[in-house]
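Q: Got a predicted structure plus its sequence, pasted below:
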Amino acid sequence: MGEEKRIATYICRGCDIDKSLDIEALRNVATNDSGIEICRDHPWLCGPEGIETIKKDVNEGAEAVVIAACSPRAMTAAFTFDKCFTERVNLREHVVWCHEPNNEDTQMLAEDYFRIGIARARKAKRPEPHLEEVNKTILVVGGGITGMTAALEAARAGYQVTLVEKEEHLGGWLTKFTSLFPKRPPYRDPQPTQCQEMVAEVEGHERIHVIKGAAIEKISGQPGQFDVSVKVGSKTVTFRIGAIIQATGWKPYDATKLSHLCYGRSPNVITNVQMEELAGNGTITRPSDGQPAKSVAFIQCAGSRDAEHLPYCSAVCCRTSLKQAIHIRERNPDAQVYILYKDIRSPGQYEDFYRRVQENTDIFLTKGDVIGVEPIDGDRLRVDVENTLIEPHIQVDADLVVLATGMVPVAADGEAIRALKSARELIAQGEEGAKLDAAKETVVKLAHHEGTEILNLDYRQGPDLPALKYDFPDSHFICFPYETRRTGIYAAGCMRAPNDTDACREDAAGAAMKAIQCVELSSQGAAVHPRWEDRSIPDFFMQRCTQCKRCTMECPFGTLNEDAEGTPQPNPFRCRRCGICLGSCPERIVNFADYSIEILSSMIKAVEVPDEDEEKPRLLGLICENDAYPALDTIGIKRLRYSPYIRFIPVRCLGSVNVVWISDALSRGYDGILLIGCKSGDDYQCHFIRGSELMGTRGENIQEKLEQLVLESERIRVEEISISEYGRLQQIIDEFAEQIDEVGPNPFKGL
Amino acid sequence: MPDAYLVKPDREFVREIIDLGGESLKQCFQCATCSISCTLSPDRHPFPRKEMIWAQWGLKDKLIGDPDVWLCHRCGDCNVTCPRSAAPSDVLAAVRDYTIRNYSFPRFMGKALGKPAFLPLLLGIPAVLILAVLAGLGTLNPPPGDVEYGRFFAHLPLQIFFGSFVALMIVACLVGVSRFWKDLNSRISRQSFNQSSTTASTSSVGTGIVGAVKDILTHTKFRDCTENKNRYISHLLTFYGFAGLFLTTIAVVISEYVFHYYPLPLFHPLKIFGNVSTLAMLVGVTWIIYERARKQRDTEISTYNDWTFIWILYAVIITGIVTEILRFVNIASVAYPVYFVHLVVVFALLIYLPFSRFAHMVYRTVALVHARYSGREEAVESAEQ
């Protein structure tokens, strides 16, 4: 075997490694078996002396180093070397801490992991960053409190900002509010909105360019290179920007759907938004006859937390009603105010504001279920409330009823818009039969998406962000706040989740930070969060592409557009480097410099599979490096034990597993394959959204493969775990090992 | 489905309850910690959570004549556990005060007792009346010689004077009680313990009285309170001291008129019994004053109504003791004025009973009787078992 690449290998003897393993035998794996000249062991490799040794070798021309020591999650900075590919072999957490010391099987495990590491070092290349000219201007869509804050935050951080607003003025809802509920101690009195000051600051900022009365016609390109054309009046302006913050806000829930609460049946039933308008103008009067309102009843959760309307809580309506109750008491000193609630939600310090409102002897609050509102004697209204503590069924008479309606995001559903358009086209083309019926149904179902395009993205997946659960664009609020399914486009404020103004500001600052990270990382040719250290990009070997569109459809981030024939059009800056395209491709033409079909295949094949008569089964674990791998580390840290017959190879995402690796493993003689990804479903935990889900759909192919090979379906198992479930992971491994023991050896072993 | 209850909040009532010491009532957010921590509250129809929201909404018709308000013995457990410092115990006390005032006959007396401005007048009336009687009897200046109170205010006129006012007081009590009883009965159909409780049963008014008196004599309800253990003893001492003196007074009157055996020697058992009762009351009320003063800053509010009742009672005890001592030491110039003051405060204590905090004796007893009569008490007991 001609050694093309200069590889240096190292074995750390610290952290109990040399107490459990035969280091000399391990060295032989590198020197004798693999023919690598340099294999050094050190009692404490991560110490200054060890690091110096490695650096010396790198300076003398080693192109790749294989470090057999602890988990790559430990000592990452110490073991990172410029100009050199580094492969870590996890002897500590995955071998010595969780397997019997000085045991034959433990030794074999360590040697196999060393071989896997060397195999990868041989094939993998150090990725060269993909550098293109990157524009660092931030585009903010929406000029409400979120948009204005985002613009200011980004501008204060030194970035150019373009803010587009559809109205002729900035401020959004803030311009319509009388006051805000108190944000500062002692949380007693409503505070001014300070909208004018904020608008003036935004418009006067040297780095913020405001475009009002604007509509986005089209956004094409990728992060760092988005080309935007905006229509202002009859003119169209075009410019380039680097990242986008969408802060298009909210609209009130359609109160006309609340006719059971008398909305639309009596002019004296109004929404909290209408109340906000009334509260700004002197005495609060009944719309029906202009008489001062002597009693006002607030109905909380009007159409909220209600399966038939909005199933969620909009977070602000309780505090808004408390604030409006104070306004009513100030404006109409004789008025009695009733607040009828399901629960008063006044989180954190707002409890003080709630208490302050309660103190007022003319504000009456009760929990209860409002079952209806009916007009009585002319202009008055009678509210029926059940399940109150006052009585099982009470009635409250009021001059004015205020419905505390919730927030609906002003977001457009790109995929739905696209589906609506194609259904319309189908109908226009004169399709017949079942297809026509389906198209008509689609049109009815999605009709409300007509004309709702906001960003008008030139993306295969549709012109806007997807509207997912409750019509909000999805992002994990802890792990991936503000991120969306389109790289470089961040959602903030009430279009992301119902928020009060403080939370909107927080969102705006966070989204601005994300947008800045995006343009900065793109300029370095690096991926955005979570693989921000990754400089590899997918390489498509187009000559062999069959235009099957699997990669373009499966990419969770809309990275790939298609040309008319269906050939993928890569946009490297949109890519998150999850490798799902690599996993999807039946022609295996998608590869990364350090993560490819070939690299993983050679790693899988590097394991020495014992003969059938040795009764030492071999199992392969392809595990997600984001959750399952750290959980496996935890098993080691907790010193738990599991079968020494399994060999784990981390993958970028379970969605990046190509079926060819499975057939490689089966033909190599592995007896079973365990595939472990992150949780899927509504509360998914996958970093790349659909990894586990896609593995499920590819499962069909895998079963097919097993049938072709006349193998038992039990040999392959797909599991989902979260990072904290190390106990369950240990169980899964041992159960799987037992199961494979029962199924028996792979008949292809040794062929 | 019960009939809908049309809510008409009475803001004036809310303010009055606040003025009567329920100042924290608006802080309640109906978490029910009070009902859970109360050792007297049954699982069925618990209190005082519902009373708290009725008070917040100013639902006077629900609170006046609510028997549960009187089941509370104000131990203060709920005040301590309340997460909102809404002090349900104080609020119920205020509602009770309002109830007493509401049923008072004549009504202005209830109002007058609650206002500090009327205190000089209220004490002035008995002072003037007594002076007038003494002037009529010609004993304003008692004859010289050994101190003998009978020569200052002769026994027969004294007994006629106080007897007739006590009769008026009893009439006032009966009017108040009958109004209260009527309201209690009108609410029974609404609360209907018997329908919802499988084990509870009603009893006659007679057995109700027996049960209630047993409860009162043993102070069982007080004993259940955890936060205020010592009130059980202090109230017990005060109660038995008062009862002892009441019995002594009756016995002495009988002795004088029936057996013509008067005055009694100092070491006569009846005399000893009376003095021991006085001492018990002295200890009990001193203790109550100390506890209330200590808590005033912290967990429990004592209002003007509480303090006037307690201090008048205390004044009765102190002047009584001093009067007795002064007779033995025989200092006429001080003895007769002190005795006069004693008579004035006794009048204020006894005759104003239906309008002062002292009325709790009557209303709570009636409420306890009614609780048995209506089946409420059985509902409470069965829930406890």
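A: In hand now; what should we look at? Numbers count the residues shown, from 1 in each chain, chains lettered A, B, ... in the order given.
Q: domains in chain A, as residue ranges please.
A: Using automatic domain parsing, the domain ranges for chain A come out as A:1-126, A:138-249+A:452-523, A:253-406, A:416-446, A:595-751.
Q: How many neighbouring residues does the residue in the stretch 251-385 of chain B positioned nearest to chain A have?
A: Closest approach of the stretch 251-385 of chain B to chain A (CB to the nearest CB) occurs at B:Ile301, with a separation of 16.5 Å. Where C-beta positions appear, they are placed from N, C-alpha and C, glycine not excepted. Around B:Ile301 there are 22 other residues, counting by other CB atoms under 10 Å in any protein chain shown.
Q: Ok, which of the domains of chain A comes nearest B:Ala132?
A: Distance to B:Ala132, taken as CB to CB, is lowest for domain A:253-406 among the domains of chain A, at 45.7 Å.
Q: tell me how far the ends of that closest one are from each other?
A: Domain A:253-406 stretches 6 Å from its first residue to its last (CA to CA, to the nearest Å).
Q: separation between the residue lying closest to A:Gln703 once chain neighbours are set aside and A:Leu619?
A: Once flanking residues are discounted, A:Gln703 sits nearest to A:Ser713: 6.1 Å by CB to CB, 6 or more residues apart in numbering or on different chains. Distance from A:Ser713 to A:Leu619, counting by CB to CB, to the nearest Å: 16 Å.
Q: Looking at these two now, which is surrounded by more residues?
A: A:Leu619 (22 against 12).
Q: Quick check: beta-bridge partners of the more buried one?
A: Following DSSP bridges, A:Leu619 is listed with bridge partners A:Ile646, A:Gly672.
Q: Surely it and A:Ile676 touch.
A: No - proximity of A:Leu619 to A:Ile676 does not meet the contact threshold set by CB atoms under 8 Å, at 12.0 Å.
Q: buried ones in stretch B:325-343?
A: Within stretch B:325-343, the residues that count as buried by 16 or more other CB atoms under 10 Å in any protein chain shown are B:Leu326, B:Arg327, B:Ala332, B:Ala335, B:Tyr336, B:Val338, B:Tyr339, B:Phe340, B:Val341, B:His342, B:Leu343.
Q: Name the surrounding residues that touch that stretch.
A: Contacts with stretch B:325-343, where a contact means CB atoms under 8 Å, 6 or more residues apart in numbering or on different chains, come from B:126-127, B:130, B:142, B:144-149, B:152-153, B:158, B:315-316, B:319-320, B:322-323.
Q: sorry, back to before: determine which of the domains of chain A approaches B:Leu6 most closely.
A: Using CB to CB, the nearest of the domains of chain A to B:Leu6 is domain A:253-406, at 4.7 Å.
Q: Once you drop chain neighbours, what's closest to whichever residue of the stretch 101-250 of chain A sits closest to chain B?
A: Among the residues of the stretch 101-250 of chain A, A:Arg188 lies closest to chain B, at 14.3 Å counting by CB to the nearest CB. Among residues not flanking A:Arg188 along the chain, A:Arg356 sits closest, at 4.7 Å (CB to CB, 6+ apart).
Q: Would you mind giving the secondary structure of the one you found?
A: At A:Arg356 the chain is in helix, as set by DSSP: H, G, I helix; E, B strand; the rest coil.
Q: how about the helices in the stretch 151-300 of chain B?
A: B:155-191, B:193-196, B:205-218, B:220-224, B:229-257, B:269-296 (DSSP state H, counting those that start in this stretch).
Q: Looking at those, which is nearest to chain A?
A: Here helix B:155-191 is closest among the helices of the stretch 151-300 of chain B (CB to the nearest CB), at 8.6 Å.
Q: Can you work out which other helices and strands pack against that closest one?
A: Counting contacts by 3 or more CB pairs under 8 Å, 6 or more residues apart in numbering or on different chains; DSSP states H and E, helix B:155-191 is packed against helix B:88-103, helix B:119-137, helix B:332-351, helix B:360-374.
Q: and among those helices, the most buried is which?
A: helix B:88-103 (a mean of 26; mean count of other CB atoms under 10 Å in any protein chain shown).
Q: any low-confidence regions in the chain?
A: No chain in the question, so chain A it is. A:1-3, A:750-751 (pLDDT under 70).
Q: oops, I was thinking of chain B
A: Filtered on pLDDT under 70, chain B yields the residue ranges B:1-2, B:188-203, B:377-385.
Q: Count the residues that sit near A:Arg345.
A: For A:Arg345, using other CB under 10 Å, the count is 18.
Q: Does it touch A:Cys313 like I think?
A: Yes - with contact defined as CB under 8 Å, A:Arg345 counts as touching A:Cys313 (6.5 Å).
Q: Am I right that A:Val210 sits in a strand?
A: Yes - going by three-state DSSP, the assignment for A:Val210 places it inside a strand.
Q: Excluding sequence neighbours, find me the nearest residue to whichever residue of chain B sits closest to chain A.
A: Closest to chain A within chain B is B:Tyr5: 4.1 Å, counting by CB to the nearest CB. The shortest distance from B:Tyr5 to any non-neighbouring residue, by CB to CB, 6+ apart, is to A:Glu391 (4.1 Å).
Q: A:Lys125 too?
A: That would be A:Ala593: by CB to CB, 6+ apart, it lies 4.2 Å from A:Lys125.
Q: For that neighbour, give me its contacts.
A: A:Ala124, A:Lys125, A:Arg126, A:Pro127, A:Glu128, A:Ser536, A:Asp539 are the contacts of A:Ala593 under CB under 8 Å, 6+ apart.
Q: Tell me, how many residues neighbour the first one?
A: Right, the one you point to is A:Ala124. Other residues lying near A:Ala124 total 23 when counted by other CB under 10 Å.
Q: Which positions in the stretch 201-350 of chain A make contact with chain B?
A: Contacts of the stretch 201-350 of chain A with chain B, taken as CB under 8 Å from any CB of the partner chain, map to A:Gln336, A:Ile344.
Q: returning to what we had before: the contacts of stretch B:325-343, buried ones only, as a PyMOL selection?
A: Those of the contacts of stretch B:325-343 that count as buried under 16+ other CB under 10 Å are selected in PyMOL with:
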select buried, chain B and resi 126+127+130+142+147+149+152+153+158+315+316+319+320+322+323
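Q: what's in contact with the helix or strand that contains A:Ser321?
A: Using DSSP states H and E, A:Ser321 falls within helix A:317-331. The contact list for helix A:317-331, computed with CB under 8 Å, 6+ apart, reads A:178-181, A:189-190, A:272, A:275-276, A:279, A:282-284, A:293, A:296, A:298, A:300-301, A:304, A:335, A:337, A:339, A:341, A:343-346, A:350, A:353-354, A:357, A:360, A:362-363, A:402, A:404-406, A:500.
Q: picking that back up, quick one: which of the helices and strands packed on helix B:155-191 is nearest A:Tyr470?
A: Closest among the helices and strands packed on helix B:155-191, using CB to CB: helix B:88-103, at 39.7 Å.
Q: contacts for the next helix or strand after that closest one?
A: Toward the C-terminus, helix B:88-103 is succeeded by helix B:107-113 as the next helix or strand (DSSP H and E). Residues from elsewhere that reach helix B:107-113 (CB under 8 Å, 6+ apart): B:100-104, B:118, B:121-122, B:172, B:305, B:308, B:352, B:354-356.
Q: so the residue in the stretch 251-400 of chain A positioned nearest to chain B, which of the three states?
A: In the stretch 251-400 of chain A, the residue that lies nearest chain B is A:Glu391 (4.1 Å; CB to the nearest CB). What three-state DSSP gives for A:Glu391 is coil.
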